[in-house]
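Participant: need a structure here:
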Amino acid sequence: MSVDQGAGRPNYAARRAALRDLLVEAGADALLVTDLINIRYLTGFTGSNAALLIHSWDGAEERTVICTDGRYATQVGEQVPDLRAEIARAVARRLVELAGEWQVGRIGFESHVVTVDQHRGFLDQASGLQFVPTPGLVEQLRMVKDPYEVAQLRAACGAADAGLAALLERGGLRPGRTERQVARELEWLMFEHGAQAVSFETIVAAGANSAVPHHRPTDAVLATGDFVKFDFGAVVGGYHSDMTRTFVLGAAEDWQREVYTLVYEAQRAGREALRPGVPCAEVDAAARAVIDGAGHGELFVHGLGHGVGLQIHEAPGIAKTGAGTLLGGVAVTVEPGVYFPGRGGVRIEDTLVVREGGPELLTLTSKELTVVD
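Facilitator: You can find the predicted model right below:
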């Protein structure tokens, strides 16, 4: 099966232009970008050693410079043909040197990424430059996905949906297999259906292990009557999907049906609360109120969701303490769970894009209770 990844390539120049507006607001003449994910977002470069210097004034592309080392000399030319490239092992040091030569003045740096020792090195190196902490500027842009990014997310979610469907169709979920066997088979099937990587180590949690929110697969053997919780995702074009589904092996007991229905209703309430302009904490509260109302609030032990994109966990955070309001085009997860220690638990999770009139659902596997015979 091939997965449609969308056409064309991102408009990296437009992303850099949007960043320049934020730099002007922050009072910085330039930004030294050292986070590799942010460099990828702004340029398309995917090497393991790079830094980017971007100026704040309009028409400054001729002084926007990417630096990488000799291992990536060919790659940077292919992936970033529109920018000047410098080749040096100490990439940030070389760009600070250039900024000094160009008398940049106030240079922003990613203070949430740069270490104390790195910052000290900048100060020791650069006379005449003033370093200004500018945390989270690129991440602010990354929250709202453009059509290209949504196409990648949709393809990643499609690979995960198809992998799970294939696992179920071939009888891969059955008593007698281990959590680890099922997890590895699901990962392989996602690759067969278009995944280029997995979003994270696949979670398969059976029986009492399903009550552990982030259980790692073991040699525990699946048994009739177990809840089996899957939390998994695929990567396409660098973008991550995230989905959780919970199944029952054999006949479901009354308590399993009750807790599943509760989480199903909470997840629906959370999805329906996703609208541009709604505070993130209110979305969490909408789902949490359903579980609280059933008397199980203390068993919902994590936030409702998170942003997703080039990283599996991005802004915004959707939780009791979540800050800010949702914007149109933000990709998020909604994943309530109820966990009975020593007995079992249920989580249901989708990846969605916030839209006017209601969210766009990207993970399409059914959320109805599925009993696997």
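
Participant: helices of the stretch 251-373 of the chain, start to end?
Facilitator: Per DSSP state H, counting those that start in this stretch, the stretch 251-373 of the chain carries helices over the ranges 254-272, 280-293.

Participant: what is residue 197 paired to in the beta sheet?
Facilitator: Beta bridges link residue 197 to residue 235 when assigned by DSSP bridges.

Participant: gap between it and residue 363?
Facilitator: Residue 197 is 17 Å from residue 363, where distance means Cβ to Cβ, to the nearest Å. Just so you know, the C-beta spots here come from the backbone N, C-alpha and C atoms, and that holds for glycine as well.

Participant: those two: which is more packed in?
Facilitator: More neighbours surround residue 363 than the other of residue 197 and residue 363, with 24 against 15 (other Cβ atoms under 10 Å).

Participant: just list the residues touching the more buried one, thanks.
Facilitator: 157, 160, 161, 241, 242, 243, 349, 350, 351, 352 (Cβ atoms under 8 Å, 6 or more residues apart in numbering).

Participant: can you pick the most crowded of those residues?
Facilitator: residue 160 (34 neighbours).

Participant: next, the buried residues of stretch 168-177.
Facilitator: Using 16 or more other Cβ atoms under 10 Å as the test for burial, stretch 168-177 gives 168, 172, 173, 177.

Participant: now stretch 108-122 - C-alpha only, CSV.
Facilitator: Extracted C-alpha coordinates of stretch 108-122, given in CSV (Å, rounded to 0.1, in the frame of the first residue of the first chain):
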residue,chain,number,x,y,z
GLY,A,108,18.8,36.0,19.9
PHE,A,109,19.5,32.5,21.0
GLU,A,110,17.4,29.5,21.9
SER,A,111,17.8,29.7,25.6
HIS,A,112,15.6,26.6,26.1
VAL,A,113,18.1,24.6,24.1
VAL,A,114,21.5,26.2,24.6
THR,A,115,23.5,24.9,27.6
VAL,A,116,25.2,27.1,30.2
ASP,A,117,28.6,26.1,28.8
GLN,A,118,27.5,26.9,25.3
HIS,A,119,26.2,30.3,26.3
ARG,A,120,29.5,31.1,28.1
GLY,A,121,31.4,30.1,25.0
PHE,A,122,29.3,32.6,22.9
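
Participant: centre of the chain to that stretch, how far?
Facilitator: 24 Å (Cα atoms, centre = their mean, to the nearest Å).

Participant: now do that stretch: everything it contacts.
Facilitator: 23, 26, 28, 30-35, 38, 92-93, 96, 129, 131-138.
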